[in-house]
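>>> Predicted model, plus sequence, below.
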Amino acid sequence: MSQAARLFHICRRLGDGRTVTAQTLQDELEVARATVYRDIAVLKDQLNAPIEWDPFAETYRLAAQGRSGDPFVVPGLWMTAQQLYGMLTVINIASALDPGVAEQYRREYRGLLKRMLSENRFSGFGLDRKIAVELPLPGKAAREAMRIIGPALMLDAPVRLFAPGLGEHEGMLLVPLRLVLRHDGWWLEYRSQKDGVEGSIALASVVGAQEVGAQEVGE
C-alpha cells in the first residue's frame, strides 16, 4: 500500500470524531509500528492535520479545529502521467461533443490537469490535435441558450425556449427532458409546461432561452 493510500485510510478512520489506536492502524495497514508513527507525523507536520494523542486512552483523535489556525489539507489525488493523459483525452472528446452543458467545468478540469502536467515537467504530446470529432454543432445562439437549458435539464426545471415553431415572440414554456446526439446533431427532447405534450427540437434551431420564475410556472 502506498503512503498516499495509508494517509487517506488514517484520515478516514479518524473522521466523525472517532478514535483509533496505533495497534489498530498497524494491523489494518499491515505495516510496522514505526511506519504508522511516520505517517501520523506526516499528517500532523506537513498536512496540518489536527491529530491529538490521548495518553490515558492511548488513542489518536482528530481535534475539532486545526493547530495554530492552519487549514487541514486532506491528502490529494496522486496520478501518474499516463492517468493524466487519459483524463485529458476524455475531456478533449467531451469538449468536442458537448453543446455547452458543462463548458465551464470542462475548462476548469482541463486547466487543472494541464497545470499538473506542466508542474511535473510532463509533455501532453499534442493531445488536442490527435483526436478530432467532426459533427455538426449548434451555433453561438444555441450554445448561449445552453447556459440556461443545461442547469434546467439537470434540475427538471422549466425554461422559456425561443425557436422557429415555438412561438414567434413569446416562445414556449417547457421542461427539458433529454439531450440526444444524432447523426444530424444535437436534439432537445422536452415536455410542454402548458399541456404536457412531449416533443423534440434540433438544438441548432434554438435562438434563445430564459429562466422562468415560480410565479410564471404557476400561471
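Ah, there it is. Residues are numbered from 1 along each chain as shown.

>>> where do the strands sit along this protein?
Along the chain, the segments classed as strands by DSSP state E run 19-20, 51-54, 59-62, 159-162, 172-182, 185-192, 198-202, 208-211.

>>> Dump these to JSON lines, plus mean neighbour count.
Just so you know, the C-beta spots here come from the backbone N, C-alpha and C atoms, and that holds for glycine as well. Below are these laid out as JSON lines (neighbours: other CB atoms under 10 Å):
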{"stretch": "strand 19-20", "mean neighbour count": "16"}
{"stretch": "strand 51-54", "mean neighbour count": "14"}
{"stretch": "strand 59-62", "mean neighbour count": "19"}
{"stretch": "strand 159-162", "mean neighbour count": "22"}
{"stretch": "strand 172-182", "mean neighbour count": "17"}
{"stretch": "strand 185-192", "mean neighbour count": "19"}
{"stretch": "strand 198-202", "mean neighbour count": "15"}
{"stretch": "strand 208-211", "mean neighbour count": "16"}
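
>>> Show me where this protein dips below the pLDDT cut-off.
Across the chain, the ranges flagged by pLDDT under 70 are 16, 64-81, 103-105, 119-130, 167-168, 214-219.

>>> Now do the domain split for it, please.
The record assigns the chain these domain ranges, following automatic domain parsing: 3-69, 81-130, 140-218.

>>> And the residue of the chain most remote from its centre, how far from residue 19?
In the chain, residue 56 marks the outermost C-alpha relative to the chain mean, sitting 43.0 Å out by CA atoms, centre = their mean. Distance, residue 56 to residue 19, using CB to CB, to the nearest Å: 11 Å.

>>> cool, residue 194 as well?
Applying CB to CB to residue 194 and residue 19 gives a distance of 59 Å.

>>> Likewise for residue 93?
46 Å.

>>> In contact with the nearest residue to residue 62 once chain neighbours are set aside, which residues are there?
Closest residue to residue 62 apart from its sequence neighbours, by CB to CB, 6 or more residues apart in numbering: residue 14 at 4.2 Å. With contact set as CB atoms under 8 Å, 6 or more residues apart in numbering, residue 14 has these partners: 20, 51, 60, 61, 62.
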